[in-house]
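Q: okay, sequence plus prediction incoming.
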Amino acid sequence: MKKVFFVVLILVAVLMLLDVRQYIAPSETSATNANKPDVIDYYFNDFTLQSYNTAGQRSYEVTGQHLKHWQAQQTSSIITPHLQSFTEQGQIESVIQAQEAVLEHKLNQLTLKQAVNVQYAPQSSDALTLMTEQLQADLNNKLITTTSHVMIRSTQATIQSTGLEAKLNEAYLRLPANVQSVYQTRF
């Protein structure tokens, strides 16, 4: 009876040591899974993220339906993104919306796809609305670019082109090809 008890005790001790060793030295498969590009690090549903400049002022606010983040790639995929850019005075400078987006965190660049809508100075009488199917936004430089068809609408004009480059914080707009416009005149 003592021998059986002693053997059981040794088996329990060995099992406990094996279990502890698993926690102390994780297996190689779990270490390599963290570096795989297709492993999602975290995700949010119905989220709001805010970015502040060095003076402590809000510069961006991103909201969306769903965000997935991949640590190995340093990218996030966003479903129905809504990005607001703010001036130094705290006013809304621009609003960008789309059906989906990919954010590259290292470069702070956003690629937007499907029904992209940009409103520049939405609270002023000089508001512009830009519509396209694909757009890249450099958030550090407030630069937006596309090679897709673009339609820009204001109260005075409608402009269409193929491609666009614009600085959201400056009065800079470049339309490289196939530009057509219609202006509203008042006599």
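A: Yep, that arrived.

Q: so what's the spatially most central residue of the chain closest to, chain neighbours aside?
A: For the chain, the residue nearest the mean C-alpha position is L103 (3.4 Å; Cα atoms, centre = their mean). In space, and not counting its chain neighbours, L103 is closest to S76: 4.5 Å by Cβ to Cβ, 6 or more residues apart in numbering. Any C-beta I mention is one placed from the backbone N, CA and C, and that applies to glycine too.

Q: correct me, but that neighbour touches G64?
A: No - if you go by Cβ atoms under 8 Å, S76 and G64 don't touch, sitting 9.5 Å apart.

Q: secondary structure element for the residue nearest to the centre of the chain?
A: Secondary structure from DSSP states H and E places L103 in strand 100-104.

Q: what packs against that strand?
A: Where contact means 3 or more Cβ pairs under 8 Å, 6 or more residues apart in numbering; DSSP states H and E, strand 100-104 is packed against strand 75-79, strand 109-120.

Q: and the residue nearest to L103, bridged to which residues?
A: Using DSSP bridges, the bridge partners assigned to S76 are H69, L103.

Q: what's the first helix or strand after the lowest-mean-pLDDT helix or strand in the chain?
A: Taking mean pLDDT, DSSP states H and E as the measure, the helices and strands of the chain show their lowest mean at helix 28-33, namely a mean of 48. As assigned by DSSP H and E, the chain's next helix or strand after helix 28-33 is strand 42-52.
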